[in-house]
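Participant: When you get a sec, could you give me coordinates for this:
(2 chains)
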There are 2 protein chains.
Amino acid sequence: MPNGMSAEALPRTLAADVPSYVEKSGEAVRISGWIHRRRRLSALTFVVIRDRTGLAQVVVRDPATLEQIETLGEETTVDVVGTVSANPKAPGGVEIVDPVFSALSDPAETPPIELWRPKLTAGLPAMLDHAQVTLRHPLQQAKWQIAAASLRGFRATLDAQGFTEVHSPKLVESATESGANVFAVDYFGRPAYLAQSPQFYKQVLVGIFERVYEVGPVFRAEPHDTVRHLAEYVSLDVEFGFIQDHFEVIGVLRDVVAGMVTAIRSDAPAAVELLGADIPDVPEEIPILHFREALEIAGAPADEPDLAPAHERAIGEWGQREHGSDFVVVHGYPTAHRAFYSHPDPDDPHWSRAFDLIFRGVELVSGAQRLHRYADYVRVLGERGLPVEPFAGYIDAFRYGVPPHGGFAIGLERWTGRLVEADNIREVTLFPRDLHRLAP
Amino acid sequence: MPNGMSAEALPRTLAADVPSYVEKSGEAVRISGWIHRRRRLSALTFVVIRDRTGLAQVVVRDPATLEQIETLGEETTVDVVGTVSANPKAPGGVEIVDPVFSALSDPAETPPIELWRPKLTAGLPAMLDHAQVTLRHPLQQAKWQIAAASLRGFRATLDAQGFTEVHSPKLVESATESGANVFAVDYFGRPAYLAQSPQFYKQVLVGIFERVYEVGPVFRAEPHDTVRHLAEYVSLDVEFGFIQDHFEVIGVLRDVVAGMVTAIRSDAPAAVELLGADIPDVPEEIPILHFREALEIAGAPADEPDLAPAHERAIGEWGQREHGSDFVVVHGYPTAHRAFYSHPDPDDPHWSRAFDLIFRGVELVSGAQRLHRYADYVRVLGERGLPVEPFAGYIDAFRYGVPPHGGFAIGLERWTGRLVEADNIREVTLFPRDLHRLAP
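Facilitator: Modelled structure (predicted):
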């Protein structure tokens, strides 16, 4: 052993920390991870070890060790004890020489996906079929690291603002939000459904905790096979009360997005660099347009009921041109075209207090001030021709005092997909579920 | 207006901060919340306002205001601007006099649960039927505040130890963990199931991120109507690789439990006090017993396959007596009586590397080192007479190098229930689901 230390006593060094040994040539070091790649030259073999933090290079010259590593296929997990050697040509300027390998798992079979390539070359269906292996690729891991950092930033921002994390049930009695796209469950012999969103629960919970957030799965029986649709995704839901209007909701959304971006920069800088992701700056005040102004800027007729993709692109360009901002909020969408629980503008109920956050010319997040009076719910359900009965358990809460409130929901996969410019939302989902896919 | 400030300009003060005004008699203050109780005396009425932080007392003497609050039933949400008045007899030593009330919602109907009582007097079925209202009671809110603080402590501990948060799908192709108690879903015309745990996904994810945790719903079609069973609960799952043995897993479990306790103490002290909850100390090293020793201490025959409740109580007493600890870990349960993926003790495979954490004489958490070799899975499934096919997508990952690993799962509701000594797990669940209950 180098320096007389026993291999057992030596603590593990993570791959990302190996370059910090650049001044310590000759010291013993221990790393653990997966054999990412073996590159055989005439007199030596480079073995690249991958762990959760990155890659480290090991140089094998000893004939017995060369023979041993011939039996350890790529993806075998190993423990390696060796000697630090500074080498400007090695990744990070340090490599490990004179290694002793101990296999931690049986020799791995040849993986169905070539993980050692700098970029994955398999088609998306093959990548998804073998997600257990595909996700090991540094670029795939990096996408999820951005998602995980975003979750931390989301919660940290809201925890600091007096919000309470909640968990609402996913098994529900009625298919409410949009009748068609709901999964039915056999619940002890009677029908139940998978919640399409925690919308009603989070509003009811405002009546309890004032300010709540939930991170959890939502289920949509989407019969569409597109690059944007998932049957199950992670929804980041926020709702809070005692507001004056929806501009307070937009303010919290701004803080949440800024907090997510800050967490990505601080917790996942290596992932950002590896992916070359263009993480946006979030202005102190996101430019806000009323829906009418937005139509005007987009050159659309004043009676359009919604913004078309081309309109959103034009608004994105306006935000860049006029404010240097990747983000624009459009509020005041026509009430009739938003969810029934959206609060109308008291001065002109044709317009709502609903808004969208547009990021680089595409809608990213929707939110609104909601109705908070029982009588308004009964009236609106009637106007829209919806039966009251399936909503009874939900709107009942509004008989007993719920303050003016609002909120929004961010789809985690959509958020990550936009940041890393994924062509297909399945690329940023750990194990996607869709019309055709239920495994792995 | 007192002090000449306009009501609009005055920022909101939370109920918990009102006592800090004790030296500021005569200053204007604004609070918002629910009318928790109106107590009418001959010359004045006390109005108690409840917000997310607690209660504040308002004194009404003005005849017009007395008339106004007669129309505002308990649970109406209001904004109150008044004058601070120190009064040693008031809760917190401060009350608000000369108030101006503005209703924020329509006057509330009489709630089905009497929330103003210091303790709820309704039976559990009524409380659950009206959970939207019941949960507003300070004692009910406090239980969930302990749960929410626990979640923060759980994540903070693992984030600091290099874990990655993951979200695995809840819609799965096969009913694996225990065939019977699974909910079936109509998935675009073919059968799917709700995941009974993220067990297999978190193990596969160790092959990707090394160290992972997940907080999310799990689903059990439990046909038992008991005080302990829920059909849906929140599971806190942890799994990590590159371990020597299960003692490392026990070490992380210790840190996680200590972190949850620390977060409860720092983030939810008012809830702890209100509930009189006896929050435990977590020793640096939790006393550990092998299953054989545990049987001996419990005075049980050496061939018992598991610990009965009376045995766990005896072990809890031993932990108190010998180590002054509320916690004891028992490890080495007979392999045949643990989940098939439990790793046997290499020195004597009759015993496993599985463990339970016993808290005050009752099992709280289960965990283990898991099998990590593909061949072991094939062998064990064969020995247990289980078909390989439903597990194929899961065990396939072990063909491609998964390091030695282990983990554990904490049921959030069970954890909170034990801390607050709830008689029924439904008391610490926001909207419980069971054999008979699917709403609200």
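
Participant: Am I right that residue A:47 is in contact with residue A:66?
Facilitator: No - counting by CB atoms under 8 Å, residue A:66 is not a contact partner of residue A:47; they are 10.0 Å apart. For glycine as for every other residue, the C-beta is placed from the backbone atoms N, C-alpha and C.

Participant: Compare these two (neighbour count), which wins?
Facilitator: residue A:47 (26 against 16; other CB atoms under 10 Å in any protein chain shown).

Participant: That one: which element?
Facilitator: Element membership for residue A:47, per DSSP states H and E: strand A:45-51.

Participant: How far off centre is the very next helix or strand once past that strand?
Facilitator: Following strand A:45-51 in sequence order, the next helix or strand is strand A:54-60 (DSSP H and E). What separates the centre of strand A:54-60 from the centre of its chain is 31 Å, taken as CA atoms, centre = their mean, to the nearest Å.

Participant: and strand A:54-60, anywhere near chain B?
Facilitator: No - Strand A:54-60 lies out of reach of chain B by CB under 8 Å from any CB of the partner chain, never closer than 12.0 Å.

Participant: elements contacting that strand?
Facilitator: With contacts defined as 3 or more CB pairs under 8 Å, 6 or more residues apart in numbering or on different chains; DSSP states H and E, strand A:54-60 has these neighbours: strand A:28-40, strand A:45-51, strand A:77-86, strand A:94-103.

Participant: related to what we said a few turns ago, okay, and the common contacts of residue A:47 and residue A:66?
Facilitator: Counting by CB atoms under 8 Å, 6 or more residues apart in numbering or on different chains, the contacts common to residue A:47 and residue A:66 are residue A:60.

Participant: Run the angle between the strand holding residue A:47 and strand A:94-103 for me.
Facilitator: 80 degrees (axes from the mean of the first three to the mean of the last three CA atoms, to 10 degrees).

Participant: what's strand A:45-51 in contact with?
Facilitator: The contact list for strand A:45-51 (CB under 8 Å, 6+ apart) reads A:14-15, A:31-39, A:55-60, A:66, A:69, A:78, A:80, A:99, A:116, A:136, A:138, B:210.

Participant: quick one: the strands in the stretch 251-400 of chain A?
Facilitator: A:288-290, A:327-331, A:354-359, A:362-370 (DSSP state E, counting those that start in this stretch).

Participant: in the first one, what counts as buried?
Facilitator: Right, the one you point to is strand A:288-290. residue A:289 (16 or more other CB atoms under 10 Å in any protein chain shown).

Participant: So residue A:43 sits against residue A:61, correct?
Facilitator: Yes - at 6.8 Å, residue A:43 counts as touching residue A:61 under the criterion of CB under 8 Å.

Participant: More neighbours: those two, which one.
Facilitator: Neighbour tally, residue A:43 and residue A:61, criterion other CB under 10 Å: the higher count belongs to residue A:61, 12 against 7.

Participant: would you say residue A:89 is within a strand?
Facilitator: No - Residue A:89 sits outside any strand when classified using DSSP: H, G, I helix; E, B strand; the rest coil, being coil.

Participant: Can you read off the pLDDT for it?
Facilitator: The confidence metric pLDDT takes the value 92 at residue A:89.

Participant: For residue A:256, see how far away residue A:331 is.
Facilitator: 17 Å (CB to CB, to the nearest Å).

Participant: Residue A:75 and residue A:115 touch, don't they?
Facilitator: Yes - applying CB under 8 Å as the test, residue A:75 and residue A:115 come out as touching, 7.0 Å apart.

Participant: okay, those two: which has more neighbours?
Facilitator: residue A:75 (25 against 21).

Participant: Can you tell me how far that one is from chain B?
Facilitator: Using CB to the nearest CB, to the nearest Å, we find residue A:75 at a distance of 4 Å from chain B.

Participant: Residue A:280 now?
Facilitator: Residue A:280 is 22 Å from chain B, by CB to the nearest CB.

Participant: okay, and for chain A, where does confidence drop off?
Facilitator: Scanning chain A for pLDDT under 70 picks out the ranges A:1-8, A:176-179.

Participant: what residues go with each domain of it?
Facilitator: What automatic domain parsing lists as the domains of chain A is A:2-103, A:131-428.

Participant: what sits against the nearest residue in space to residue A:393 that is not next to it in sequence?
Facilitator: Nearest residue to residue A:393, sequence neighbours excluded (CB to CB, 6 or more residues apart in numbering or on different chains): residue B:440, at 4.1 Å. Applying CB under 8 Å, 6+ apart to residue B:440 gives the contacts A:204, A:393-394, A:396, B:129-132, B:431.

Participant: What separation do you get for residue B:440 and residue A:363?
Facilitator: Applying CB to CB, the value for residue B:440 to residue A:363 is 32 Å.

Participant: got it, and residue A:393?
Facilitator: The spacing between residue A:393 and residue A:363, counted by CB to CB, is 31 Å.

Participant: In terms of packing, which of these two has more residues around it?
Facilitator: residue A:393 (20 against 15).

Participant: How far off centre is stretch A:417-437?
Facilitator: When distances are taken as CA atoms, centre = their mean, stretch A:417-437 is centred 10 Å away from the chain's centroid.

Participant: does it come close to chain B?
Facilitator: Yes - applying CB under 8 Å from any CB, one finds stretch A:417-437 in contact with chain B at A:430-433, A:435.

Participant: okay, how far is it across that stretch, tip to tip?
Facilitator: 19 Å (CA to CA, to the nearest Å).

Participant: List the buried residues in that stretch.
Facilitator: Counting neighbours by 16+ other CB under 10 Å, stretch A:417-437 gives A:417-420, A:422, A:425-435, A:437 as buried.

Participant: Stretch A:67-76 too?
Facilitator: For stretch A:67-76, by 16+ other CB under 10 Å, it's A:68-69, A:72-76.
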